[in-house]
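**Student:** compute the structure for the input listed below.
(chains A and B)
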Protein chains: 2
Amino acid sequence: MEYLFSERVKSLKPSAIREILKNSSAPGVIPLSAGNPAPDAFPYGDIQELSQSLLTDTPVEALQYSVTEGYAPLRQHLKDYMAQKHQAGTDNDQVLITSGAQQVMDLLTKTLLNEGDTVLCEAPSFIGSLNTFRSYRAKLCGIPMEPDGVRIEGLERALKTEKRIKYFYTIPNFQNPSGITMSLEKRRKVYELCRDHNVLILEDNPYGDLRFAGEDLPSIKSLDQEGVVMYAGSFSKVVSPGMRVGYALGPQEVIQKMVVCKQGEDVHSNIWAQIVCHRFMTERDYEAHLGRLRDIYRRKSTVLTQAMEEHFRPLIRWNPFEGGLFAWCTLPEPIHMLDYVKEAASRKVCVVPGTAFLTDESEACQSFRINFSTPTDEQLQEGVRLLGELAREMA
Amino acid sequence: MEYLFSERVKSLKPSAIREILKNSSAPGVIPLSAGNPAPDAFPYGDIQELSQSLLTDTPVEALQYSVTEGYAPLRQHLKDYMAQKHQAGTDNDQVLITSGAQQVMDLLTKTLLNEGDTVLCEAPSFIGSLNTFRSYRAKLCGIPMEPDGVRIEGLERALKTEKRIKYFYTIPNFQNPSGITMSLEKRRKVYELCRDHNVLILEDNPYGDLRFAGEDLPSIKSLDQEGVVMYAGSFSKVVSPGMRVGYALGPQEVIQKMVVCKQGEDVHSNIWAQIVCHRFMTERDYEAHLGRLRDIYRRKSTVLTQAMEEHFRPLIRWNPFEGGLFAWCTLPEPIHMLDYVKEAASRKVCVVPGTAFLTDESEACQSFRINFSTPTDEQLQEGVRLLGELAREMA
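**Tutor:** Below you'll find the model as predicted:
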């Protein structure tokens, strides 16, 4: 049998980075390359109780087929929650529950993109989303990042010169991988520019609730009265990623097409998990839970920062970050970043090379990403010590 | 804001059938149009117990990110189960856990199909799968059904004359909607023909365990030593559809591409549900459970058959069926099927017009589908009585 694959699948090349990271879960390895929430961040007891009661009280609802749009009480609650807490969403906006926020990226792309259409994104950006866009044969156009968010002149130039642009993909809060938060001024400017060019904004906000320093900024969606923004939210970082519950909030014209696409992909998302999330938000003290998560990540980030202060200075620099799960570190010029990351892996410290997050992996990049939510305190301290030692050796 | 949708989404037209069925869940309506498993078929108590114990014993495993391929013990168990119970699968085959079997259809199509490529299917066939194929802009080519399965001459002609065929989609057991089971002789012939034309077979088997009469037949996958068959299985009809757990068993070259596509769609399927399914298969008497399901559906099908014997003869004929959830009924020529279904709906009996299951909804069709798993006994009896009465009026 000779297998004839689609062009879209043939174009997905195996990544050089996978090769570097393939041993990251081996015993003895210090995993600074992952992106998992801290295991002690899950509300185990609450999920157990809520799960048990819903499987006892309403077992048919929790196990039978459900509607593609998602569990109606959860959709309504999220719509209200986004309006009250974030002043986001209009009467024309609807909520769609998805199988993790990854499916928002997938469904919006399926709904909007023809092969060869352009997606604007931040450079660097989240590799998982970039790969989703690639799987629809998008042309990716990366706009460089600055300390306060995407470079506006770069975005403006791209909007003027690129052809068939369907949307601009952004993670405005504690961006993965750079840790950068977009300023309010830039949020306004991004919104206006995209609206004026009739280009949608895909605002991905998985980490927004994990701010452990500074002040919350309004979402881009909260500026949107004209149906420009598709907002992607997720329970992965605040309740449990294994449940796979995310959501989209956006203009109903687009949401309704995404519903048709979702029906063909998985009919609906696991309904038990949707009900657990709804009950967790409405029957528990959700804001207190978010406060507890921020405490966990504030503490972990301090462990990392103190270790970096001690072992990285002055050779390795890092972006300041006020939330999220990642630190973005940059090596001085004489050190070859990929060689450095490979050598670190051989010394059993795994970090992700920055090139993984570029629209073109072959571009030059001096940065790498450290995750501080998955490793233990001891792993963070020892890993950073070894990384600092290696940089001094290679400098 | 003007929304510019993709060609694939623009080509998905709203179905005339939705309009007919939109009131099927209104109060007082007899729902013979659904496809839900009988609510008393769910193993509630077992799921409650298994869920509670796994959320207590291994909460991190049940709530943390997991691998795209699926929960390793479930993959291994399904591989062994398919080998032992069905003599299906070779050393080169792998199992991928999906978000319901619908995602097998989606991922295989994404992996193989370029826009305009051809998918061969049975005519009629399952509307959900056809819509998935359509969402990738497949050219659908329907092969007529006979009482013992797809017409071999039709399949042979299509294999010779159609261009760029990527796979043949079949539901060999108690097909949805026709209820037809493919004979062993035809399974062999279909396998050989597709193999000789280098065309994959997508064997969808959601109802195989729900045989309540006659003898089990070998799956097409059990004939496959050459990597021709992608088999789709599901827990939706035997454990719970709301959990969204299905699986693919097929050649690893294809499965590995499907894994990459799945990563971009939803990262992985809900892991709680995967572990519940694994524990249910290994810690409970799974075969006894399947026996209980067969008893439930045997009884429900007898209620339907007795009502049809009483109220349909001699005007309305139906295909014999030995399992599954559906009866396929055919009206005599003078009655216009769509008018009949519309009038039945206005009398509060909902059935699905046969045209819904055709590759071209505008083709002539005298049949409609009745589901017997969702309605109560009383609804079945009263619904069939009203349908028989209406046929006599319209004849």
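**Student:** please tell me how far residue A:350 sits from residue B:337.
**Tutor:** Counting by Cβ to Cβ, to the nearest Å, the separation of residue A:350 from residue B:337 is 63 Å. C-betas here are computed from N, CA, C, even on glycine.
**Student:** any idea how far residue A:300 lies from residue B:107?
**Tutor:** Residue A:300 sits at a distance of 36 Å from residue B:107 (criterion: Cβ to Cβ).
**Student:** now residue A:233. Nearest residue, chain neighbours left out?
**Tutor:** Sequence neighbours aside, residue A:247 is the residue nearest to residue A:233 in space, at 5.0 Å (criterion: Cβ to Cβ, 6 or more residues apart in numbering or on different chains).
**Student:** now do residue A:124
**Tutor:** Among residues not flanking residue A:124 along the chain, residue A:357 sits closest, at 3.4 Å (Cβ to Cβ, 6+ apart).
**Student:** tell me the pLDDT at that neighbour?
**Tutor:** If you check residue A:357, the pLDDT there is 95.
**Student:** what do you get for residue A:19?
**Tutor:** Per-residue confidence (pLDDT) for residue A:19: 68.
**Student:** ok, residue A:14 next?
**Tutor:** Per-residue confidence for residue A:14 comes out at a pLDDT of 63.
**Student:** re the thing from before, of residue A:300 and residue B:107, which one has the most company?
**Tutor:** Set residue A:300 next to residue B:107 and count neighbours by other Cβ atoms under 10 Å in any protein chain shown: residue B:107 wins out with 27 against 23.
**Student:** the more buried one sits in which helix or strand?
**Tutor:** With the criterion set as DSSP states H and E, the secondary-structure element containing residue B:107 is helix B:102-112.
**Student:** that helix near chain A anywhere?
**Tutor:** Yes - for a cut-off given as Cβ under 8 Å from any Cβ of the partner chain, helix B:102-112 has contacts with chain A, namely B:102, B:103, B:105, B:106, B:110, B:111, B:112.
**Student:** packing partners of the longest helix along chain A?
**Tutor:** Secondary structure of chain A per DSSP state H: the longest helix is helix A:286-311. The elements that helix A:286-311 packs onto, with contact taken as 3 or more Cβ pairs under 8 Å, 6 or more residues apart in numbering or on different chains; DSSP states H and E, are strand A:326-330, helix A:377-394.
**Student:** what average pLDDT does the shortest one get?
**Tutor:** The predicted model assigns strand A:326-330 a mean pLDDT of 98.
**Student:** partner strands of that strand and their direction?
**Tutor:** Paired with strand A:326-330 in the same sheet, following DSSP bridges, are strand A:317-318 (antiparallel), strand A:367-371 (antiparallel).
**Student:** for those strands, give me JSON lines that also has distance to residue B:324, mean pLDDT and mean neighbour count.
**Tutor:** As requested, these are arranged in JSON lines below (distance: least, Cβ to Cβ, whole Å; pLDDT from 0 to 100; neighbours: other Cβ atoms under 10 Å in any protein chain shown):
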{"stretch": "strand A:317-318", "distance to residue B:324": "60", "mean pLDDT": "98", "mean neighbour count": "17"}
{"stretch": "strand A:367-371", "distance to residue B:324": "48", "mean pLDDT": "97", "mean neighbour count": "25"}
